[in-house]
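Q: Model the following, please.
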Amino acid sequence: MENANTYPDGQWQSNTILIVDDDAINRKILGKIFSEYYAIQEARDGREGIWQIQENPNRFCAVLLDVLMPEMNGIEVLHWLKKLGFLEKIPTFLITSESIESVMREAYELGVMDVISKPVISYVVLRRVRSVIELFEARKHLSAVVEDQNLKLLKQAERIIELNQGMIEALATAIEFRNEESGGHVHRICGITKMMLEKTAFGSDLDEKEIENIALASIMHDVG
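A: The predicted structure follows:
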C-alpha cells in the first residue's frame, strides 16, 4: 500500500499509521487490523517512535502508542509530542493493558485522542481509530480549500484595486487634457496629500500602501 494518497484537488493525504510498542506480537496484531486500509510503520520503543515522527511527520495519519515501554514510556512520548507540536497535527491513541485513572487523565490532558484497552477488539479499535483519522483528514482538506479560496479572493481584490487605480489615473489624464490648469492642480493636490501623510502626524498610523492609495484618491476631489 502506498504511504499517501491525494484528494481530488491534489492536496496531500497522509496514509501511514505508526505503531509504537516494544512487544513485536502486539505490533503485528495492530498492524494486521489496519493493514487493509493503511500503510503500517513500526517503532520498537518511544525514542524510535519520536525519531520517526520528527523525520517525516507529514506521512503519518495516526500514532498508536503503548504505555509500558523501555527507554521512554507512552506518557513520556506524549509529553515530547506535545512539546514538539505534533499532537495537534497527528491523532495519537494510547494502547494500554493498565487502565490507571491517573495515567488516563494525564494522557487526555496532554491531548491524546483516545485510550484503548488491551486486549484490543479488532472491529472496535478499527472503527474508533478510522473515525478520528477521517475527521482529521477532512479538517485538513477543508483548511486547504479555505486557504485556496482566500488566495483567490485576495488576488481578485488586488485586481480590483489595480483597475480602480487605472480608472483614477485615466480621469486625471482626462482632466489634464481638458484643462491644463486643472490638470496641474490635481497633481499638486496628490503630491501635497502624500507629503502631508508622510511628513506629519496625519499619516502616523498609515503604512506606505495606504498613503499611496489616499494620495491617489485625492485626485478625485475635483473630478466634477
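Q: need the strands for this structure, in chain order.
A: 4-6, 12-14, 16-20, 39-43, 60-66, 92-96, 114-117 (DSSP state E).
Q: Switch those strands over to a markdown table; also include mean pLDDT.
A: Shown next, in a markdown table, are those (pLDDT from 0 to 100):
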| stretch | mean pLDDT |
| --- | --- |
| strand 4-6 | 46 |
| strand 12-14 | 60 |
| strand 16-20 | 95 |
| strand 39-43 | 95 |
| strand 60-66 | 94 |
| strand 92-96 | 92 |
| strand 114-117 | 90 |
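Q: out of these, which comes closest to residue 193?
A: strand 12-14 (48.4 Å; C-beta to C-beta). (Glycine included, C-beta is placed from N, CA and C.)
Q: quick one on the thing from earlier: tell me the most buried of the strands of the chain?
A: strand 60-66 (a mean of 26; mean count of other C-beta atoms under 10 Å).
Q: mind saving the C-alpha coords of that one as CSV?
A: What follows is strand 60-66, C-alpha atoms only, in CSV (Å, rounded to 0.1, in the frame of the first residue of the first chain):
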residue,chain,number,x,y,z
PHE,A,60,1.5,9.8,9.4
CYS,A,61,-2.3,9.9,9.8
ALA,A,62,-2.2,8.3,13.3
VAL,A,63,0.1,7.1,16.1
LEU,A,64,-0.8,4.0,18.2
LEU,A,65,1.3,4.3,21.4
ASP,A,66,1.9,1.7,24.1
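Q: picking that back up, rebuild the strands of the chain as TSV, extending it with distance to residue 51.
A: Shown next, in TSV, are these (distance: least, C-beta to C-beta, whole Å):
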stretch	distance to residue 51
strand 4-6	20
strand 12-14	18
strand 16-20	11
strand 39-43	8
strand 60-66	13
strand 92-96	16
strand 114-117	24
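Q: Ok, which of the ones you listed comes nearest residue 32?
A: It is, among the strands of the chain and with distance given as C-beta to C-beta, strand 39-43, at 8.9 Å.
Q: Between strand 60-66 and the closest one, find me the angle.
A: 40 degrees (axes from the mean of the first three to the mean of the last three C-alpha atoms, to 10 degrees).
Q: Show me the contact partners of strand 39-43.
A: 1-3, 15-21, 27, 31, 34, 49, 51-52, 60 (C-beta atoms under 8 Å, 6 or more residues apart in numbering).
Q: so how far is that strand off the chain centroid?
A: 25 Å (C-alpha atoms, centre = their mean, to the nearest Å).
Q: that older thread, now for the strands of the chain, which one comes closest to residue 213?
A: Nearest to residue 213, of these and by C-beta to C-beta, is strand 12-14 at 38.2 Å.
Q: Show me how the record splits this structure into domains.
A: 4-144, 148-222 (automatic domain parsing).
Q: Please work out which of those domains is packed deepest.
A: domain 4-144 (a mean of 17).
Q: from the middle of its chain, how far away would that domain be?
A: Distance, centroid of domain 4-144 to centroid of chain: 19 Å (C-alpha atoms, centre = their mean).
Q: quick one on the thing from earlier: figure out which of the strands of the chain is closest to residue 206.
A: Per C-beta to C-beta, nearest to residue 206 of the strands of the chain: strand 12-14, 40.2 Å.
Q: hang on, isn't residue 57 packed against residue 89?
A: Yes - using C-beta atoms under 8 Å, residue 57 makes contact with residue 89 at a distance of 6.6 Å.
Q: Helices of the protein, residue ranges please.
A: Ranges of helices within the chain are 24-34, 46-55, 74-84, 101-110, 122-178, 180-199, 208-217, based on DSSP state H.
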